[in-house]
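# how would this look folded up:
(one chain, ligands or ions: 1)
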Amino acid sequence: MLLQEMAGRPQGCACIVPLYKVMAPAAIAGERWRLGSHVMEINTTETCLQWVARRRLIRNEVQCTRCGQPASLVGRAECGVGVHWTMAQY
Ligand SMILES: [Zn+2]
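Here you go, the predicted structure:
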């Protein structure tokens, strides 16, 4: 849904998950899980991105290296993951 929602959005999302959903390092370190216990959470590209972003395995937000402004996450069918970070003016 995230990818479908993002595909038609001119501005995209400034982050993958809301900041309050990003887990604290202590909470991440305290997690005990097996891959099978998270199958439903990682069964689509969007839920997988959200799962790894919540655990700080990928960046939840990106700043433009040229202007320092937050980049937007937008849908892009041509790239492997289906989304990419971009600035509106590029
Ligand atoms: Zn920029």
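
# can you classify the spatially most central residue of the chain as helix, strand or coil?
Central residue of the chain (Cα atoms, centre = their mean): residue 16, 3.1 Å from the mean position. What DSSP: H, G, I helix; E, B strand; the rest coil gives for residue 16 is coil.

# look up the closest residue to it, ignoring the ones flanking it.
residue 53 (4.0 Å; Cβ to Cβ, 6 or more residues apart in numbering). For the C-beta atoms, the positions are set from N, CA and C on the backbone; glycine is no exception.

# surely that neighbour meets residue 47?
No. The pair residue 53 / residue 47 is not scored as a contact, 10.6 Å apart, by Cβ atoms under 8 Å.

# who's more crowded, the two?
Neighbours per residue (other Cβ atoms under 10 Å) separate residue 53 from residue 47, with residue 53 holding more: 20 against 15.

# doesn't the more buried one belong to a helix?
Yes. Residue state for residue 53 (three-state DSSP) corresponds to a helix.

# now do the same contact list for it.
Taking Cβ atoms under 8 Å, 6 or more residues apart in numbering, we find residue 53 in contact with 15, 16, 17, 22, 59, 60.

# hmm, residue 59 and the third one touching each other?
Read that as residue 17. No. At 11.4 Å, residue 17 and residue 59 do not qualify as touching, with contact defined as Cβ under 8 Å.

# the ion contacts on this structure?
Counting by Cβ under 5 Å from the ion, the chain comes close to the ion at 64, 66, 67, 87.

# recalculate using a threshold of 8 Å.
Within reach of the ion by Cβ under 8 Å from the ion, the chain has these residues: 64, 65, 66, 67, 68, 69, 71, 87, 89, 90.
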